[in-house]
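Colleague: Below are the sequence and a predicted model for it; my questions follow.
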Amino acid sequence: SIPDGSVAFYVNHFVKRIHLLKERLAGKDLSFLEEKGAGEKYLPFYELPLRGAQQGAPADARERFVSLFLSYQIWRSDDELMKKEISGLQSSLDRLLSVKGGQLKWLIAYANDQDLPAITLGDFWKGTSAKGGEPTIPPAFTREGKKLIDAFMQEAKFGEQAAFAGRKEEFDKYYQKECSQVWSQFAVNFSKGMERIRGQKEWQKIAEKMGTEQGPHFEFLSRLETELGPLLGVENLPRWVRQVYQLRLGQTAEAAKQAAPAAAGSVAKAADEIKKLFTAEKRDALQEGKERMESFLEAAKAYQDYRQALTSLVPIAASRSQAFEQTARVFGDDPATSKAPLYGAFGALSRMKEGLKGSRPGEEILGTFLAGPLKFYEIFMRLEASCFLQSQWDSAVLSEMKAYQDLQAAQLLLSPEGPVEKFLKGPAGPFLVRSADRGYYAKKALGESISFEPSFFAFLQQREAGKAALMKSNYLVPIRGFPGEANPGARSLPQRTILQLHCGANIQALEIFSYPKGPQNFQWTPQSCSDVTFQVDIGDLALKKKYSGPNAFPEFLQDFQGGLRTFYSHEFLGEKTALERMGIQYIRIRYEIGGDQQSVRRFTAMPKQAPRTIVPCWE
């Protein structure tokens, strides 16, 4: 079968040639053909592949053919020959159209091939670039495209030919259905335009307009009213499009009613227009229209409230701190009583959807479409709030922590008066929840939350464990030691094991020879205790391991978790060869550790520093 695009191309050519010949027979000198570019306008050229060529005729040959053909039409004077040519062209046209069974659907392809612009998301979303798979409204389903189709049908005089009896009406119905579907699908996928937006500046630019008539969604509704109404006629509009008209008229009536009592005439006029829309389809019972009109007037009032709420959100585009403040209200307030504009907009949107609600397919399209601006602001506010939180973390926490190291830094991170605690109770407070089971996690509002980094929650979890460990200033850890062991076949055994804890000038020690000893009470004070040295004497070797810093003792206890630690020869690089000569593959050291060992070990989980990034900012 011949594609619609090819049929349209050749039909256009035949019709134009027939039209030119008829004009010439009517006595016109065709002087208009001498206009610049008239050849392409009045005689669409179709390319017949040349023998052995992969493509049609070159551009210069095409131009010469058109010029010569038009000149020939101006100079020729044989009427009978022209009539015969018209008859031949008409026969070719009829045969071509018969291939499609006389139907006119190919007119869609014709209109789409006339260099008219399609309606795209880029007409409304002024983002960086188009994304693949975006919806479009082809030129044929615009006002200009329909004008071309109507003009072409008039020129071809299809309606005057018996072969096309009823075909125009059939095409009109097909066109109305396809046009409705195309515009509806465009509306359903309209918010995909948000994917075009890149970075804070583009989001901010659109946020400045989103709640106004210049916003993408409301620009589209205005375009819809000017395009689709004239295209289809009010009686053929999809239900959701008639709802657009109803809302606008209802909004006009509501505004007039609030303006002054004297505006009663305007209210009545708008109400009459709405009633006409309700009863536009013959299948709509008049009673249904009467019953639903009041519901739609309520929807129009809610629509007006919704627009006002969106307008009140516009200023957040210019101020990140204001965006943060509004977002904090959304997350911190009770939705049932909150006066935050975002909640006000959601409430108005919900009432409007209720007023618009119907049981017919497609009636949900408008409500979903109108939720788009609110969803945009909701996302924009969260992103701006995230950036604000990160900047507060940088200035209030990270900058203050620069002056501290090791245990001092850890204590400041854990302090109930420290910068982290102030941050959690201050700017981050509305966005976080803390429970006994889960610890800290992101709070949800309207089903969404701030996208805190997992490392931030890991830090907070460490911090809680560290706070529990810091509840005491002094810890008692009794340790009982046992003689060291070695692998079977070893030719030497450990003679002595010594453990030393350095606390200022004081050294606490446990020395083990060939028999158990202890328990030795180790007093560990985080403020004053530091390094731990551990030594095993075997043969003439002294194997040493050192734990350094304020967390040395907690690290030692963590290393000996369960009281048993096996050291392999490769852990002592300097003595590895000598150990192997003695047949020693490993040595095993055992302690019994009690008292506050669990609390002291928690210090190893204590955060050493605050994470640099707690939440992404405009990725």
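Modeller: Sure thing, it's come through.
Colleague: How about Ala8: what's its closest non-neighbour residue?
Modeller: Of all residues not flanking Ala8 in the chain, Tyr110 sits nearest, at 3.6 Å (C-beta to C-beta, 6 or more residues apart in numbering). To be clear about C-beta, it is placed using only N, CA and C from the backbone, and glycine gets the same treatment.
Colleague: What is the neighbour count of the one you found?
Modeller: Tyr110 has 24 neighbours, counted by other C-beta atoms under 10 Å.
Colleague: Same question for Gln508.
Modeller: The burial count assigned to Gln508 is 19, neighbours taken as other C-beta under 10 Å.
Colleague: Same question for Gln214.
Modeller: As a burial measure, Gln214 scores 13 neighbours (other C-beta under 10 Å).
Colleague: Report pLDDT for it.
Modeller: Looking at Gln214, its pLDDT stands at 94.
Colleague: what about dumping the CA coordinates of the helix or strand containing Leu510 to PDB?
Modeller: Following DSSP states H and E, the helix or strand that holds Leu510 is strand 506-512. Presented in PDB, the C-alpha positions along strand 506-512 are these (Å, rounded to 0.1, in the frame of the first residue of the first chain):
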ATOM      1  CA  ASN A 506      50.900   7.500  84.900                       C
ATOM      2  CA  ILE A 507      51.300   4.100  83.200                       C
ATOM      3  CA  GLN A 508      49.000   1.300  84.100                       C
ATOM      4  CA  ALA A 509      50.400  -2.100  83.200                       C
ATOM      5  CA  LEU A 510      49.600  -5.900  83.200                       C
ATOM      6  CA  GLU A 511      52.600  -8.200  82.800                       C
ATOM      7  CA  ILE A 512      52.100 -11.900  82.100                       C
END
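Colleague: Return the set of buried residues in that strand.
Modeller: Going by neighbour count (16 or more other C-beta atoms under 10 Å), the buried part of strand 506-512 is Gln508, Leu510, Ile512.
Colleague: cool, and stretch 415-434?
Modeller: Those buried within stretch 415-434 under the rule 16+ other C-beta under 10 Å are Gly418, Pro419, Val420, Glu421, Lys422, Phe423, Leu424, Pro427, Ala428, Pro430, Phe431, Leu432.
Colleague: Skipping adjacent residues, who's closest to the first one in space?
Modeller: Meaning Gly418. Here the residue nearest Gly418, using C-beta to C-beta, 6+ apart, is Leu412, at 4.8 Å.
Colleague: wouldn't the one you found be in contact with Pro419 here?
Modeller: Yes. At 7.2 Å, Leu412 counts as touching Pro419 under the criterion of C-beta atoms under 8 Å.
Colleague: overlap in contacts of these two?
Modeller: Counting by C-beta atoms under 8 Å, 6 or more residues apart in numbering, the common neighbours of Leu412 and Pro419 are Glu400, Met401.
Colleague: Restricted to helices, list the buried residues of stretch 415-434.
Modeller: Secondary structure defined by DSSP state H assigns Pro419, Val420, Glu421, Lys422, Phe423, Leu424 of the buried residues of stretch 415-434 to helices.
Colleague: and Leu68, how many neighbours does it have?
Modeller: Neighbour count of Leu68, defined by other C-beta under 10 Å: 11.
Colleague: contacting residues around it?
Modeller: When contacts are counted by C-beta under 8 Å, 6+ apart, Leu68 touches no other residue.
Colleague: Mind exporting the C-alpha coordinates of the one helix or strand it maps to to PDB?
Modeller: With elements delineated by DSSP H and E, Leu68 resides in helix 59-75, which encompasses its position. Once side chains and other backbone atoms are set aside, the C-alpha atoms of helix 59-75 remain, and they are given as PDB (Å, rounded to 0.1, in the frame of the first residue of the first chain):
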ATOM      1  CA  ALA A  59      17.900  20.600  -7.000                       C
ATOM      2  CA  ASP A  60      19.000  22.600 -10.100                       C
ATOM      3  CA  ALA A  61      17.200  20.200 -12.400                       C
ATOM      4  CA  ARG A  62      14.100  20.500 -10.200                       C
ATOM      5  CA  GLU A  63      14.200  24.300 -10.400                       C
ATOM      6  CA  ARG A  64      14.700  24.300 -14.200                       C
ATOM      7  CA  PHE A  65      11.800  21.900 -14.700                       C
ATOM      8  CA  VAL A  66       9.400  24.100 -12.700                       C
ATOM      9  CA  SER A  67      10.500  27.300 -14.400                       C
ATOM     10  CA  LEU A  68      10.200  25.700 -17.900                       C
ATOM     11  CA  PHE A  69       6.800  24.200 -17.100                       C
ATOM     12  CA  LEU A  70       5.300  27.500 -15.800                       C
ATOM     13  CA  SER A  71       6.700  29.400 -18.800                       C
ATOM     14  CA  TYR A  72       5.100  26.800 -21.000                       C
ATOM     15  CA  GLN A  73       1.700  27.300 -19.300                       C
ATOM     16  CA  ILE A  74       1.900  31.000 -19.900                       C
ATOM     17  CA  TRP A  75       2.800  30.700 -23.600                       C
END
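Colleague: Off-centre distance for it?
Modeller: Shown here is helix 59-75, whose average C-alpha point lies 54 Å from the average C-alpha point of the whole chain (C-alpha atoms, centre = their mean, to the nearest Å).
Colleague: what do you get for stretch 233-244?
Modeller: On the basis of C-alpha atoms, centre = their mean, the separation between the geometric centre of stretch 233-244 and that of its chain is 30 Å.
Colleague: What of stretch 209-219?
Modeller: Distance of stretch 209-219 from its chain centroid, counting by C-alpha atoms, centre = their mean, is 19 Å.
Colleague: Of all the residues in it, which ones are buried?
Modeller: For stretch 209-219, a neighbour-count test (16+ other C-beta under 10 Å) marks Lys209, Met210, Gly211, Gly215, Pro216, His217, Phe218, Glu219 as buried.
Colleague: who touches it?
Modeller: Outside stretch 209-219, the residues that touch it by C-beta under 8 Å, 6+ apart are 124-125, 190, 193, 206, 222, 307, 310-314, 369-370, 372-373, 376-377.
Colleague: Show me those that map onto helices.
Modeller: When the contacts of stretch 209-219 are checked against helices (DSSP H), the matches are 206, 222, 307, 310-313, 369-370, 372-373, 376-377.
Colleague: Can you convert those residues into JSON lines and add a column each for distance to Pro478 and neighbour count?
Modeller: As requested, these are arranged in JSON lines below (distance: C-beta to C-beta, whole Å; neighbours: other C-beta atoms under 10 Å):
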{"residue": "Ile206", "distance to Pro478": "67", "neighbour count": "23"}
{"residue": "Ser222", "distance to Pro478": "82", "neighbour count": "13"}
{"residue": "Arg307", "distance to Pro478": "74", "neighbour count": "20"}
{"residue": "Leu310", "distance to Pro478": "69", "neighbour count": "26"}
{"residue": "Thr311", "distance to Pro478": "71", "neighbour count": "14"}
{"residue": "Ser312", "distance to Pro478": "67", "neighbour count": "16"}
{"residue": "Leu313", "distance to Pro478": "64", "neighbour count": "26"}
{"residue": "Phe369", "distance to Pro478": "72", "neighbour count": "22"}
{"residue": "Leu370", "distance to Pro478": "71", "neighbour count": "23"}
{"residue": "Gly372", "distance to Pro478": "68", "neighbour count": "19"}
{"residue": "Pro373", "distance to Pro478": "68", "neighbour count": "26"}
{"residue": "Phe376", "distance to Pro478": "64", "neighbour count": "24"}
{"residue": "Tyr377", "distance to Pro478": "62", "neighbour count": "24"}
